[in-house]
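Q: Okay, predicted coordinates and the sequence, questions at the end:
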Amino acid sequence: MPILYGSRPPPNDSVWDRIRDDSFEVRVFDRNIRNKEKGVDVEMALDVAERMHTISPPSTMIIAAGDADHLPPVTRARAKGWKVEVWFWSNAADPMKKAPDRFCPLEKYFDSYASALVFRCCGFPTHSRDGTLHLATG
């Protein structure tokens, strides 16, 4: 079963419920007093390590993360014979693009849907008067 890790969403957020409906296990973590994620990366790394040692034969592991803190699980999984794919935006850390067997930039999957996603999810216009698409990123 695929697992999605992240920070606790607002109570009225329906995205996590939709992800659960798509057969993902969702693990959420509270943010600290400074609104920073705590525990997400460590939990994912521990799950990667557990699967490397309990699932045989090795198969494909897909990690959706782009910062270099996730490099050790990628390199260790590959060393144990796992095929590793990293899915993230193109601004991922260079080692996260080079270390896996395959890097999949998410832009190519979302560009054609960007205007619909921004309008439907965020409720504000997606194009300026000159027709330029504007996306807010966090």
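A: All right, it came through fine. In this text the structure is predicted, and so the values were computed from the model without any measurement. Numbering: from 1, shown residues only.
Q: how close does K108 sit to W87?
A: Counting by Cβ to Cβ, to the nearest Å, the separation of K108 from W87 is 11 Å. Just so you know, the C-beta spots here come from the backbone N, C-alpha and C atoms, and that holds for glycine as well.
Q: Equivalent analysis for E107, please.
A: 11 Å.
Q: who has more neighbours, those two?
A: Between E107 and W87, W87 has the larger neighbour count (other Cβ atoms under 10 Å), namely 17 against 12.
Q: And the helix or strand hosting that one, what's buried?
A: If you go by DSSP states H and E, W87 is part of strand 83-88. In terms of neighbour count (16 or more other Cβ atoms under 10 Å), strand 83-88 has its buried residues at 84-88.
Q: Just put those in TSV and tack on distance to D22 and pLDDT.
A: Shown next, in TSV, are the buried residues of strand 83-88 (distance: Cβ to Cβ, whole Å; pLDDT from 0 to 100):
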residue	distance to D22	pLDDT
V84	22	94
E85	18	93
V86	21	93
W87	15	91
F88	19	90
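Q: Can you tell me the centre-most residue of the chain?
A: A64 (3.4 Å; Cα atoms, centre = their mean).
Q: What residues sit buried inside the host helix or strand of R27?
A: Per DSSP H and E: R27 is located in strand 25-29. Across strand 25-29, burial judged by 16+ other Cβ under 10 Å covers F29.
Q: Angles on the backbone of R102, please.
A: phi -150, psi 130 (degrees, to the nearest 10).
Q: Check the gap between the nearest residue to it once chain neighbours are set aside and V74 for me.
A: Excluding the flanking residues, the one nearest R102 by Cβ to Cβ, 6 or more residues apart in numbering is E85, at 4.5 Å. Per Cβ to Cβ, E85 is found 10 Å from V74.
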